[in-house]
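*Asks:* sequence and predicted structure below; questions after.
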Amino acid sequence: MKNILTYITKSSKLIIVYLVTVIVAGSILTYLGINNISNFKELTEKRITEEEKAILEDYSKRFHTSLENLSESLVKKIQQDSLSPENGALKLEGKLIKNYMIASKNGVLLRPRFVSNGFKPTPIKSSPLYNKRFHKAEQYEFIDKEFSKAETAYLNTIKYAQLPSDSAKTYNALARLKNKTGDQEGALVLYKKLITEFNFTCNNFGFPYSYFSIDQLLKIDDSSLQTDKEELVVVFLQALLNYKTPYTNTTIDLIASMKNKPEETFTLKNKALVDSLMLSVSNVIKDIDNYGPAMNSIATGN
């Protein structure tokens, strides 16, 4: 009996040792396996991160290179832009995008710039000193009919002009005075100034002073000024097409009046160019009219 108990005890000890050995060995193997998996995962994640970084760097370089190439091509295209009449219409050579329009979030047309002029004036805050002297010059011109004094008074207002509209208003008055005294050459010089330097400047009714100028310019009948007059008309029309002069509700009327001028208004040398420019301006006006409802929808939030 004692031998049997001893045998059982020894067997139990062996089983326990076996179990302990298996469990410990299994635990070690499991730990090593988990550790290896963890290490592999870290290595894999590191490798993926490095690959992603390399891909992003490569993409960034490619994108930067493409952007530089695009910028260079755009600069070349801009430098190559030119105006040339073709089949009665103006052709814009080398442009990537044609006739696109830009509007602000409240529906104001920014390209081409459209100034809505109406009957309700918007006060221009000129300085009191300017207004006082300008009114005095107007008195000399319209009431006293003393044109010499009026010219001196208008010139005196220039040094008190603080706004572009002040200067443009004075130059426009001087041009009107030059016409009254028969000095068409002096008037043309002032029209040129208004068309080229104050092309975006409007009066308090939203009417550009350059429009006044072109209307009066077409009335000049001094044959010695014909070439200068025609060149200035071309400059005005090109400024409209290049968005340097704003479009208004009256642009179409101005173009119509130019078309209705007698044939001898322009020489054969410039007539084809002027006709082509007027046709192109008319097409822009059509685009503005077509997009008018869309502009109104933006402005009203619809």
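*Replies:* Perfect, I can see it now.

*Asks:* in stretch 228-245, what counts as buried?
*Replies:* 228-230, 232-233, 235-241, 244-245 (16 or more other Cβ atoms under 10 Å). To be clear about C-beta, it is placed using only N, CA and C from the backbone, and glycine gets the same treatment.

*Asks:* where's the dip in pLDDT among those?
*Replies:* Least confident entry in the buried residues of stretch 228-245, by pLDDT: Lys244, with 88.

*Asks:* nearest residue to that residue other than its sequence neighbours?
*Replies:* Spatially, and ignoring its direct neighbours in sequence, Lys244 is nearest to Asn199 (5.5 Å; Cβ to Cβ, 6 or more residues apart in numbering).

*Asks:* pull the contacting residues for the one you found.
*Replies:* 208, 210, 239, 244-245 (Cβ atoms under 8 Å, 6 or more residues apart in numbering).

*Asks:* the nearest residue to Ser127 once chain neighbours are set aside - how many residues pack around it?
*Replies:* For Ser127, ignoring the flanking residues on the chain, the nearest one in space by Cβ to Cβ, 6+ apart is Gln162 at 5.3 Å. Look at Gln162: counted by other Cβ atoms under 10 Å, it has 12 neighbours.

*Asks:* confirm for me that Gln162 is in contact with Pro128.
*Replies:* No. If you go by Cβ atoms under 8 Å, Gln162 and Pro128 don't touch, sitting 10.8 Å apart.

*Asks:* show me where the stretch 101-250 of the chain has its helices.
*Replies:* 128-138, 147-157, 164-180, 184-197, 209-217, 226-241 (DSSP state H, counting those that start in this stretch).

*Asks:* the second one packs against which elements?
*Replies:* Using 3 or more Cβ pairs under 8 Å, 6 or more residues apart in numbering; DSSP states H and E as the contact test, the elements touching helix 147-157 are helix 128-138, helix 164-180.

*Asks:* tilt between the last one and helix 209-217?
*Replies:* Note on geometry: by axes from the mean of the first three to the mean of the last three Cα atoms, to 10 degrees, helix 164-180 and helix 209-217 are set 10 degrees apart in direction.
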